Every structure is written in C-alpha cells, then in structure tokens.
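Chemist: Here is a sequence with its predicted model. Questions after.
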Amino acid sequence: MADKKLKIGWFSFACCEDSTMVWIELMNDRFFLWKELLDIKHARVLKRNNSMKGLDVAFVEGAITTESDARKLRSIRKNSKRVVMIGSCAINGMPAAQRNTFDEGTKKEIEFLIKQFKQADSVRTIKDIVQVDDEVPGCPMVEETFLQVLDKYLKEFGVKNA
C-alpha cells in the first residue's frame, strides 16, 4: 500500500450528525484499506486527542450557529489545504437555518434562547464563512459522492495512483 497518508480531520457543527454515522459505517467496511491511506488527525467521534494542524483535507458537517463555531471554522480553514462541506446542513444550513426565516413574532419568542445559548443572529453555511473546495450533498451524505471526493484527494495528494 501507500507510504504516504492523507491527513484528514472530521468536524461536526450544528446538525444531526447523520453523515458522521455514515462515515463511521463506511470506515467499518473499509477499515483495512483506509488505515493504510488515511491519517485521521481530528475526529472527536473516534478519539480523545485531536489536532487540526497541517491537515490535507477537512471534512466539515453542520451549520454554523455561534460566533465561537465561526472562529473554529476559520481555524480549520487556516490549517487545511482543502475543505469539504459534508451534508445538507453544511451546504444550505437546513434545517438549523429554518430560524432565519421566522417571522418577527417567532423571533421575539425565541430571543431568550438565542441569548441563553449564545447563538448568532442567523445560522450560516460553511461557505458563508470560509472558502470551500468541494461538497458532498445529502442528509445523510451521499456515500458514492463522498467516496469519489475522497478518492480525488487521495490522488491529488499523492497517496493513491490515478
């Protein structure tokens, strides 16, 4: 197999984390192949000690609902050569962004929750905050598209022959 490994991170913001579950199931099926190809630097769902430094690819799931999440996303972008939006929440913000469409009465009604949980005035997508390089649509993500995007970056970073 390959000597070089693709350094990846998996990050999840406001969403139901269904794409994370799909990724883990894909990992179950491809464990022995991927352990030779991937260096998982950051994946809180898998390990306690994580680093986002020097990532080749960051896979980012979820919408951005707080300023602290926006800062973390900017840090992910700064430390990653490529950023891939994973799933509908990352791409279009839904369903979390539904509150962006609330009428004034409903917004007033939930104002105390927005303050209590330090939410931003509106829910944003990943591309609203940072430059993105790819996207994998779906809720949960479309497995075939994810595998194609992963294969693209394995080749781009010289981990797998074209």
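Modeler: That came through, no problem.

Chemist: mean confidence score for stretch 34-53?
Modeler: Mean pLDDT, computed over stretch 34-53, is 94.

Chemist: wait, I meant stretch 95-115
Modeler: 95.

Chemist: Also stretch 127-134?
Modeler: Mean predicted confidence for stretch 127-134 is 98.

Chemist: buried sites along it?
Modeler: Across stretch 127-134, burial judged by 16 or more other CB atoms under 10 Å covers 130, 132-134. To be clear about C-beta, it is placed using only N, CA and C from the backbone, and glycine gets the same treatment.

Chemist: Please produce a markdown table containing the residues you listed, extended by secondary structure.
Modeler: Below are those laid out as a markdown table (DSSP: H, G, I helix; E, B strand; the rest coil):
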| residue | secondary structure |
| --- | --- |
| V130 | coil |
| V132 | coil |
| D133 | coil |
| D134 | strand |
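
Chemist: so which of these would you say is closest to L33?
Modeler: Nearest to L33 among the buried residues of stretch 127-134 is D134, at 20.9 Å by CB to CB.

Chemist: and the residue lying closest to the closest one once chain neighbours are set aside, what does it touch?
Modeler: Excluding the flanking residues, the one nearest D134 by CB to CB, 6 or more residues apart in numbering is V84, at 4.4 Å. For V84, the contact set (CB atoms under 8 Å, 6 or more residues apart in numbering) comprises 57-60, 132-136, 149.

Chemist: Next, V84: phi, psi?
Modeler: When read as degrees, to the nearest 10, the backbone of V84 gives phi -120, psi 120.

Chemist: Who is it paired with across the strands?
Modeler: F59, D134 (DSSP bridges).

Chemist: biggest helix in the protein by residues?
Modeler: Assignment by DSSP state H gives helix 18-37 as the longest helix of the chain.

Chemist: do you know how far I8 is from G93?
Modeler: 24 Å (CB to CB, to the nearest Å).
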